[in-house]
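Asks: I would like to see how this sequence folds:
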Amino acid sequence: MKLHTVIGGRILEKSETDYLKMGETIALTHHEKWNGEGYPKGLRAKEIPIEGRITAIVDVFDALTAKRPYRSPISLNEAFKYIAKKKGIHFDPNVVDAFFAVKEDILSIKRKLKDKDHSLFIQINSGEFSTLTMKQKNNIADQGQTERTRLNQNAKSRKSNP
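Replies: Purely as a prediction, here's the structure:
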């Protein structure tokens, strides 16, 4: 199960478009945890690119609230409680705050899609439903690029100053 992050990253690693490069980053980092106990690299806090931090919360929320072959979904209220409980542990506190700032939008989307059998995350990414404008997607990509640049500079500094 844990290898899907690395496999996804390898599939996308030679991508030339910013959108697919962001996909590679998401694949590799969406199971990292704020406290450093995630995988595959055990990154912590702001070592985790913003795209991974955002996707982590969406992925968990979707997994909790979607029907699975092996279990029923939990209530939205319980899922929101879980996300709040994991603030600063699993999730970036700022991303949790942003998530709760759009809670009504999330609930509206879930209501619109309540009769769908598959997960909201799959529906959004397959184009069935999208709440993000191109400008919002570009802003997220720009934030990710800024974060990647910062991480690359930090890595270079560590190599030159061991």
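Asks: Could you pull up phi and psi at Lys87?
Replies: phi -60, psi 130 (degrees, to the nearest 10).
Asks: So it is in contact with Phe99, correct?
Replies: No. Taking contacts as CB atoms under 8 Å, Lys87 lies outside contact range of Phe99: 9.4 Å. Where C-beta positions appear, they are placed from N, C-alpha and C, glycine not excepted.
Asks: Tell me which helix or strand in this protein has the weakest average pLDDT.
Replies: Using mean pLDDT, DSSP states H and E, helix 120-125 stands out as the lowest-scoring helix or strand of the chain, at a mean of 51.
Asks: show me where the chain has helices.
Replies: Along the chain, the segments classed as helices by DSSP state H run 3-12, 18-29, 50-65, 76-85, 93-101, 103-112, 120-125, 134-160.
Asks: Can you tell me which helices and strands the fourth one packs against?
Replies: Okay, so that is helix 76-85. For helix 76-85, the contact count by 3 or more CB pairs under 8 Å, 6 or more residues apart in numbering; DSSP states H and E identifies helix 50-65, helix 93-101, helix 103-112 as packing neighbours.
Asks: between these, which gets nearest to Ile11?
Replies: helix 50-65 (15.9 Å; CB to CB).
Asks: taking the mean pLDDT, what do you get for stretch 41-54?
Replies: Average pLDDT, stretch 41-54: 97.
Asks: again but with stretch 91-105, I slipped
Replies: Averaging pLDDT along stretch 91-105 gives 95.
Asks: what residues does it touch?
Replies: Stretch 91-105 is contacted from outside by 33-34, 45-46, 48, 50, 53-54, 56-57, 60-61, 80, 83-84, 86-88, 106, 131, using CB atoms under 8 Å, 6 or more residues apart in numbering.
Asks: Of these, keep whichever come out buried.
Replies: Burial by neighbour count, 16 or more other CB atoms under 10 Å: within those this picks out 33-34, 48, 50, 53-54, 56-57, 60-61, 80, 83, 86-87, 106.
Asks: Closest one to Tyr70 out of those, please.
Replies: Of all the buried ones among the contacts of stretch 91-105, Tyr70 sits closest to Val60, with 16.3 Å by CB to CB.
Asks: For that closest one, list the residues it contacts.
Replies: If you count contacts by CB under 8 Å, 6+ apart, Val60 has them with Tyr82, Ile83, Lys86, His90, Phe91.
Asks: With that, I have no additional questions.
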